[in-house]
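# No sequence on hand, only this structure:
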């Protein structure tokens, strides 16, 4: 196989790893609370600024900055749920989506006011590794492995803990679970915090690869939603697989045309998938 | 009612003759054109068909019009309808499979979001002819301003009044038609509506086309008025959400709601611009977002809807 094509495919899989975490977070929140957080990518942006600020401005070691980013974004997820989503739980779904769209503007504007529109770089770069005939970016590889480990951690949390089981149960049937003595409101809180935490985690993995700026959410936000919908909203495994599929499509599209056109191809692919499988690629 | 409307229109049309300051005319034009887009969006939004992709139709219409003028010398008087028609065709292409295959709710919103992004990225990617992210300006033609639709404040005021009145007329007409009843039924329960003989896909297509057409008309005219086109402000998620905000703030269930919302949005934007100056770029979305959330939480039917309930 053409080594450049192979490199594109490998890069696509690595890119899929980056998409996977926000997709899992969004799916978790949607599956449990039944609300799409339109501002999810902006939560990731806040996390990226958080790491950038603590590391380059406050001089914290990178690991500490990462460790601080998670609770900060998790808190933000909680706040989002308590202040915006919770009062709207009984409203039509569209109202809820729009409200989180409002939060998107708030976070974007807040970032612009606080940090300006400059691109902020963490300035951490690992040398590319040579594997066989192809080069793989070290930072991307580390981020990819970290994403896989986190996904496995999330899976274990959902599978083996009491709260995790309750989360899965409520995602399956939100009418019956309260009868079994599970308080949905508390599970919503947990899911929102975990969803926020996943955004924080994604921020840690992204900030080492990309410069952060107030509009960065718009660059990967739409694609994240599309991946979620493609895998079936609320379907964790479907979203996870779709993330890699989308990553490969974008990366090989960039190989055949250019990066922008590859996103067009990805979006068109998404729309075609929606028409072929309106409930998602992996809907049962 | 009809007499009052005609009188109001006459007053509006006569306003520029009284030597109002240019700035006032500018705000009025911007408000009316944005009101057309918001009214268009609300035409389908109020029946639960929430699109986050109206930016796509605006982008297509505006760029078709400007490209035809710059490269083929075709007057915007033809280019604009052609662009709007193309925008409506895109809406049909997108909406028909959606409705046939029952892509609804969240899924519909996100599919339209993807469409808006596709158009935005295409405009950026085709930078050789569209100017990409830097935007483009229609070729100026001072000798032939009328044919170039570069009318100045007075001319655009009358054009905006006419288009705005057209949008409200369409709203009023749809509101009185059987389609409005059918669409209300569809928004309650599609299966039940189909079972009593409502042609669900057809009704939804009709309202979507009208809605996309008015959004495209208002948006593209706005671009022609400002003589500047930019993919970020004419396509993609930003403009789509702004339209939604206008419609929602004013109230998407009443005829004048989206207009009030557009006026509110523009007044807000101007106030922020004047009071914040250079910090404006950050403060505007922030205040926008806070208000959007507050409106949804406390005034879900918008300003006009609130007054109507008070009465």
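That came through, no problem. The structure presented is a predicted model; accordingly, all values stated were derived computationally and were not measured. Numbers count the residues shown, from 1 in each chain, chains lettered A, B, ... in the order given.
# and the worst-scoring helix or strand of chain A on mean pLDDT, what does it pack onto?
Scoring the helices and strands of chain A by mean pLDDT, DSSP states H and E places strand A:129-131 at the bottom, with a mean of 72. Packing contacts for strand A:129-131, counted by 3 or more CB pairs under 8 Å, 6 or more residues apart in numbering or on different chains; DSSP states H and E, involve strand A:134-136. All C-beta spots, glycine's among them, are computed from the backbone N, C-alpha and C.
# Show residues contacting the strand it packs on.
A:3, A:6, A:7, A:10, A:11, A:14, A:128, A:129, A:130 (CB atoms under 8 Å, 6 or more residues apart in numbering or on different chains).
# Excluding chain neighbours, what is closest to whatever residue of the stretch 51-200 of chain B ends up closest to chain A?
The nearest approach of the stretch 51-200 of chain B to chain A comes at residue B:125, 3.9 Å away (CB to the nearest CB). Nearest residue to residue B:125, sequence neighbours excluded (CB to CB, 6 or more residues apart in numbering or on different chains): residue A:260, at 3.9 Å.
# Make sure the one you found is actually in contact with residue B:123.
No. If you go by CB atoms under 8 Å, residue A:260 and residue B:123 don't touch, sitting 10.0 Å apart.
# about what we covered before: wait, what's in contact with the residue of the stretch 51-200 of chain B closest to chain A?
Taking CB under 8 Å, 6+ apart, we find residue B:125 in contact with A:258, A:260, A:261, A:264, B:132.
# That one and residue A:218: what is the separation?
Separation of residue B:125 from residue A:218 (CB to CB, to the nearest Å): 16 Å.
# Closest to residue A:48 out of the contacts of strand A:134-136?
Distance to residue A:48 across those (CB to CB) is lowest for residue A:14, with 18.3 Å.
# And the closest one, what's its pLDDT?
Residue A:14 is assigned 87 on the pLDDT scale.
# what does residue A:126 give?
68.
# And residue A:1, by the same measure?
66.
# what's the answer for residue B:85, then?
Looking at residue B:85, the pLDDT reads 97.
# same thing with the one 3 residues further on?
As summarised for this prediction, residue B:88 has a pLDDT of 96.
# residues in contact with it?
Here residue B:88 is in contact with B:57, B:209, B:212, B:213, B:216 (criterion: CB under 8 Å, 6+ apart).
# Now name the helix or strand holding the last one.
When secondary structure is defined using DSSP states H and E, the element that contains residue B:216 is helix B:200-226.
# Buried residues, that helix. List them.
Across helix B:200-226, burial judged by 16 or more other CB atoms under 10 Å in any protein chain shown covers B:200-201, B:203-226.
# Check which helices and strands it is in contact with.
helix B:22-45, helix B:54-72, helix B:76-100, helix B:152-176, helix B:178-188, helix B:190-195.
# Check those helices for me and report the most buried one.
helix B:54-72 (a mean of 26; mean count of other CB atoms under 10 Å in any protein chain shown).
# Check whether that one comes into contact with chain A.
No. Contact of helix B:54-72 with chain A (CB under 8 Å from any CB of the partner chain) is absent, the minimum separation being 10.7 Å.
# what's the average pLDDT for stretch A:30-40?
87.
# hmm, back to that, surely the residue nearest to residue B:125 forms part of a helix?
Yes. With DSSP: H, G, I helix; E, B strand; the rest coil as the criterion, residue A:260 is located in a helix.
# what number of residues lie near it?
17 (other CB atoms under 10 Å in any protein chain shown).
# picking up where we left off before, the helix holding residue B:216: how far from the chain's middle?
7 Å (CA atoms, centre = their mean, to the nearest Å).
# so where's the stretch 51-200 of chain B uncertain?
The stretch 51-200 of chain B contains no residues with pLDDT under 70.
# Spell out which parts of it neighbour chain A.
Near chain A, the residues belonging to the stretch 51-200 of chain B are B:94, B:97-98, B:101-103, B:105-107, B:109-111, B:113-115, B:117-118, B:121-122, B:124-125 when assessed by CB under 8 Å from any CB.
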